[in-house]
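K.L.:
this one's structure only:
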């Protein structure tokens, strides 16, 4: 899982620079391509929210984006839980 960089010492392989909503971030993590994919996903979501609410400040866009992504995750988790229950029932039956 990527971690936010502060004043930590890390090799250049551990740091990935990404742009989200026009802001540059340096993220610590070993899987640079994965971090870039996550950042692109978040950036895309923030742009979608920003199109709906063009006058919102970046902090509000970030919170609304986080809620949208949390909603997606929650729905996927519910689907996963339902599938696990169905598989378990199928194995018992």
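P.N.:
Yep, it's here. Predicted model, so just to flag it, every value in this text is computed and none were measured.
K.L.:
okay, CA-based contacts and neighbour counts for the rest of this
P.N.:
Noted.
K.L.:
quick one: residues contacting the closest residue to residue 64 other than its chain neighbours.
P.N.:
In this structure, residue 64 finds its nearest non-sequential neighbour in residue 49, 7.2 Å apart by Cα to Cα, 6 or more residues apart in numbering. Residues counted as contacts of residue 49 (Cα atoms under 8 Å, 6 or more residues apart in numbering) are 61, 64-65.
K.L.:
if you set the cut-off to 10 Å instead, what comes out?
P.N.:
Applying Cα atoms under 10 Å, 6 or more residues apart in numbering, we find residue 49 in contact with 43, 56, 60-62, 64-65, 68.
K.L.:
for it, phi and psi?
P.N.:
For residue 49, the backbone dihedrals (degrees, to the nearest 10) come out as phi -60, psi -40.
K.L.:
ok, now residue 28?
P.N.:
Backbone torsions of residue 28, given as degrees, to the nearest 10, read phi -90, psi 130.
K.L.:
count of neighbours near it?
P.N.:
23 (other Cα atoms under 10 Å).
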